[in-house]
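Asks: here is the input, now give the coordinates:
(chains A and B)
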Amino acid sequence: DAGVIQSPRHEVTEMGQEVTLRCKPISGHDYLFWYRQTMMRGLELLIYFNNNVPIDDSGMPEDRFSAKMPNASFSTLKIQPSEPRDSAVYFCASSSNRDRGQPQHFGDGTRLSIL
Amino acid sequence: GDSVTQMEGPVTLSEEAFLTINCTYTATGYPSLFWYVQYPGEGLQLLLKATKADDKGSNKGFEATYRKETTSFHLEKGSVQVSDSAVYFCALTYSSASKIIFGSGTRLSIRP
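Replies: Modelled structure (predicted):
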């Protein structure tokens, strides 16, 4: 089975530019999560969706961040305008609610560097 | 609120040494407990899990037992290998519909 697929794997851009990160969850999974990982803060949950609907976006840092899930097989995380402090590794994860304790499956992440 | 506390790293061991990484949790209910592993440049992978008290999760020679009385889920391996070098995260969740609460991670380095 294909796992969670994220693109791009690496992104380097200048501050002020728009950045779009993409995620394809595992087929059949009905939950999708976006995380950010930094040395200072560790893993932070930014937002998660259930059946394409945002459930909790309380972790989104500020209005410059937005996330969408137009269908069950695709989600985007957008930063506009980007700032150097947004540099981090961004992970997407998906899961299924079919049984208790089903773990989240993570993609390999997008390493974002804002210059 | 719920939280996970794990031992600070980095932890450096020689190959074939015994490994313990401590993890304790605070929970308002009865969560499932996990250990995830992150190899360099990769995402987090589930290493093992336990869904109720006294369950033992095991995988690749690693073990952890869900201890409700001590609210702990310590990770152990009898003989580590260089390939075990990674960052290990202890975590809890109530369901796949819930947020996962992660510990801060413990970096493990194994010397040949």
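
Asks: stretch B:103-112 spans what distance, first to last residue?
Replies: Counting by Cα to Cα, to the nearest Å, you get 28 Å between the two ends of stretch B:103-112.

Asks: that stretch: how far from the chain's middle?
Replies: Relative to its chain's centre, stretch B:103-112 lies at 11 Å (Cα atoms, centre = their mean, to the nearest Å).

Asks: and that stretch, which residues are buried?
Replies: The neighbour-count check on stretch B:103-112 (16 or more other Cβ atoms under 10 Å in any protein chain shown) flags B:103-106, B:108, B:110 as buried. C-beta: built from backbone N, CA, C; applies to glycine.

Asks: kindly report the same for stretch A:50-70.
Replies: Buried residues in stretch A:50-70, counted by 16+ other Cβ under 10 Å: A:50, A:59-60, A:65, A:67, A:69.

Asks: in the sheet, who's paired with A:Asn50?
Replies: A:Tyr31, A:Val53 (DSSP bridges).

Asks: quick check, it in contact with A:Pro25.
Replies: No: with contact defined as Cβ atoms under 8 Å, A:Asn50 does not reach A:Pro25; the gap is 11.7 Å.

Asks: how about the residue most central in space within chain A, what does it touch?
Replies: The centroid of chain A falls nearest to A:Trp34 when counting by Cα atoms, centre = their mean (3.0 Å). For A:Trp34, the contacting residues are A:23, A:45-48, A:67, A:75, A:77, A:90-92, by Cβ atoms under 8 Å, 6 or more residues apart in numbering or on different chains.

Asks: element containing B:Pro40, please.
Replies: Under the criterion DSSP states H and E, no helix or strand holds B:Pro40.

Asks: how about the contacts made by the nearest residue to it once chain neighbours are set aside?
Replies: Leaving aside its chain neighbours, B:Pro40 sits nearest to B:Ala86 (7.4 Å; criterion: Cβ to Cβ, 6 or more residues apart in numbering or on different chains). Neighbour list for B:Ala86: B:37-40, B:107-108 [criterion: Cβ under 8 Å, 6+ apart].
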